[in-house]
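In: Next input, structure requested:
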Amino acid sequence: MDRPAWAPPEVDLDRPSPARIYDYMLGGLHNFAVDRQMAEQVIAVAPEVRLAAHANRGFLRRAVEYLAGAGIRQFLDLGSGIPTVGNVHEAARSVAPDARVVYVDVDPVAVAHSRAIVAEDDQVTVVQADVRDVESVLAMPELHDALDLKEPVAVLLVAVLHFIPDSDAPATMITKLMDAVVPGSYLALSQVTTPPQTLTPEQQAAAERYTKANPVAMRTHDEIAGFFAGLELVDPGLVDPARWRADDDKVGGMVSSFAGVARKP
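Out: This next block holds a predicted model:
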C-alpha cells in the first residue's frame, strides 16, 4: 500500500498495531487497512469487543473527571495510543481548565498523530517511550518540563497492562511509577481478564489471530487487584469498566475486564 505522508518511514504498514486497532474500534481515523482488517475479523465473531472499547474509553473519561474533581491537575497517560475520541486532556479540562497532560506511547504512528493533534496545545506533551522502561520514562526532560513530580499526579494505565507479559514484571513497573510520585497521587488502570464463558470455535480463532499479532496477558481479578498493592482503592473498587461510577451500573459484562482507581496514601 502507499505510505501516507504522515507515517514515519520506520513504521511497518503490514503489521497491525494495538493503538490503531483501538482507534478504529472507537471510530477514529488514525489507522491503516491492516488494522481495520484485523479489527473487523474480531468484530465479525465477537461484536461486543467494539462495545467494550467504548466502555473502556468511558471508564477513562469518568476516571479522569473524578480525579480532576479530586484536585488532580497533572496526568501521566502511559500507553496512551492516539488521543482522538474521548481523550484525557479534554476530559480533564471539562473539570479543570488548567490540567496538564503527558501522553507516552511506544508506537511511532500513535506518537506522530498525537503530536499533530496537540501541536498548538502548550498544556499537553507527547513523548515516545516504552512504558516498561520506567527509569527512562521518568528521566525524560519533556516529562519534567511538563509535570511537577513534587505535586500529585494521576498515573493512567488504561487498556495497557494486558499487552505487558509477566516476564516484563508489570507489578514492579507500577511500584516504581508510584514510588516516583508523592502521596495524594493516584493510579487508574484497566485490564482484560480470562473470560468465564467458553468461546465458540469462531471466537477462539479470531482471538488467536489477534493475539498472534498482539500477545495478550490475561489476568485474574486477584492478580489485577495486586497492581494496587499499598494504595487505597476508591469506591466502587475493582469492577467492570462500564460500571465504574457510571450512571447506569447495570451495564457491562461485554468483555471480561476490570478497572479501578486508587490513591497513594
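In: secondary structure class for the residue nearest to Met25 when sequence neighbours are not counted?
Out: Take Met25 and drop its neighbours on the chain: the residue closest to it by C-beta to C-beta, 6 or more residues apart in numbering is Ala53, 3.8 Å away. (Glycine included, C-beta is placed from N, CA and C.) State at Ala53, reduced to three classes by DSSP: H, G, I helix; E, B strand; the rest coil: helix.
In: what about stretch 245-264, average pLDDT?
Out: The predicted model assigns stretch 245-264 a mean pLDDT of 78.
In: so where's this protein uncertain?
Out: Scanning the chain for pLDDT under 70 picks out the ranges 1, 4-8, 10, 45, 194-215, 248-255.
In: need the helices for it, in chain order.
Out: Along the chain, the stretches classed as helices by DSSP state H are 18-25, 33-45, 48-69, 88-93, 108-117, 134-139, 141-146, 170-179, 201-213, 221-225.
In: Can I get the longest one as CSV, trimmed to CA atoms?
Out: Right, helix 48-69. The C-alpha coordinates for helix 48-69 follow below in CSV (Å, rounded to 0.1, in the frame of the first residue of the first chain):
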residue,chain,number,x,y,z
GLU,A,48,-19.1,-7.0,21.8
VAL,A,49,-15.4,-6.1,21.5
ARG,A,50,-16.2,-2.8,19.9
LEU,A,51,-18.7,-2.0,22.7
ALA,A,52,-16.1,-3.0,25.2
ALA,A,53,-13.6,-0.5,23.6
HIS,A,54,-16.2,2.3,24.1
ALA,A,55,-16.9,1.1,27.7
ASN,A,56,-13.2,1.2,28.4
ARG,A,57,-13.0,4.7,26.9
GLY,A,58,-15.9,5.7,29.1
PHE,A,59,-14.1,4.5,32.2
LEU,A,60,-11.1,6.6,31.2
ARG,A,61,-13.3,9.7,30.8
ARG,A,62,-15.1,9.2,34.1
ALA,A,63,-11.9,8.4,36.0
VAL,A,64,-10.1,11.5,34.7
GLU,A,65,-13.1,13.7,35.5
TYR,A,66,-13.2,12.1,39.0
LEU,A,67,-9.5,12.8,39.5
ALA,A,68,-9.7,16.3,38.3
GLY,A,69,-12.6,16.8,40.7
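In: Direction-wise, compare that helix with helix 18-25 and give the angle.
Out: Calculated by axes from the mean of the first three to the mean of the last three C-alpha atoms, to 10 degrees, helix 48-69 forms an angle of 100 degrees with helix 18-25.
In: I'd guessed Thr147 sits against Tyr103; true?
Out: Residue 147: Leu, not Thr. No. With contact defined as C-beta atoms under 8 Å, Leu147 does not count as touching Tyr103 (11.8 Å).
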